[in-house]
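1. Starting from these lines, generate the structure:
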Amino acid sequence: MTATRAAHFYLDFISPYSWLALMQSERFAAEHRVRWEVRPVVYAALLEATGLVGPAEVASKRRYSFRDVVRCAHELGLRLQGPPEHPFRSLEALRTAYLFRQEPRGLELAVRLADACWGEGRRLSDLDVLVEIVTDLGLDATGLRQRIADPAVKRGLHDLTDEALSCGVFGVPTFVVDQELFWGHDRMNQLARHLAGTGPPSSGLTDEMLARPRGVARRGAPPRSS
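-> Sure thing, here's the model as predicted:
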């Protein structure tokens, strides 16, 4: 029998694509013998560190992204309501996911938090919502406000975000296996092929193309990096 493989799952609930991935995560894990390691990160910090902007910060991209999410949710048969506002503050939910990330139901908690937001239209900045979800899963929600405000939890979330950046992560959701990155819920099929050993070689042509010079540089573009 094929051994279970560990895969890092970097996510932020502010991203509807993290929700789409999470809603497929349990089935994917069973089908492909994956053990997800939940890695909540601060998407805004990824954007700031990499000089990017989020879809919600560009009017045309915001419009397209929400339409895209509607289509993706329909294809997957998912209920979609969307959060009351977007962007929204996801820090408390991220810290909650961090707090319970190593519990047996850590992944299920992340799924429930994401679906409460995107599937049910609830505010993840509302502590009562977080307490309700944690309690419903049989986890200890006692003193949750104080526990997620603990400096160790804040530092842990910061450290996971730094870890993601060190791995080359620039967006969410991103899955990392064998130092290979797969970005986006729509790349889970490529992750499946990698796990099965049927994907393309990990370097070779990629490294060769990266080594080629730029033929033109857009004014204001960041300097080339490796």
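2. Let me see the mean pLDDT of stretch 106-124.
-> For stretch 106-124, mean pLDDT is 98.
3. Name the surrounding residues that touch it.
-> For stretch 106-124, the surrounding residues in contact (Cβ atoms under 8 Å, 6 or more residues apart in numbering) are 9, 11, 13, 16, 18-19, 22-23, 25-26, 29, 36, 38, 40, 69, 78-84, 88-90, 92-93, 96-97, 100-101, 103, 129-130, 133-134, 136-137, 139. C-beta: built from backbone N, CA, C; applies to glycine.
4. What remains of those if I keep only buried residues?
-> By neighbour count, with 16 or more other Cβ atoms under 10 Å, the contacts of stretch 106-124 hold 9, 11, 13, 16, 18-19, 22-23, 25, 29, 36, 38, 40, 69, 78, 80, 82-83, 90, 92-93, 96-97, 100-101, 129-130, 133-134, 137, 139 as buried.
5. And the helix or strand encompassing Val70, what's buried?
-> Here Val70 sits within helix 59-76, counting by DSSP states H and E. If you call a residue buried by 16+ other Cβ under 10 Å, then helix 59-76 has these buried ones: Ser65, Asp68, Val69, Cys72, Ala73.
6. Strands - which of the buried ones among the contacts of stretch 106-124 land there?
-> Phe9, Leu11, Trp36, Val38, Pro40 (DSSP state E).
7. show me what contacts the third one?
-> By Cβ under 8 Å, 6+ apart, the residues touching Trp36 are Ala7, Phe9, Ser25, Ala29, Leu107.
8. ok, and the closest non-adjacent residue to it?
-> Closest residue to Trp36 apart from its sequence neighbours, by Cβ to Cβ, 6 or more residues apart in numbering: Phe9 at 4.7 Å.
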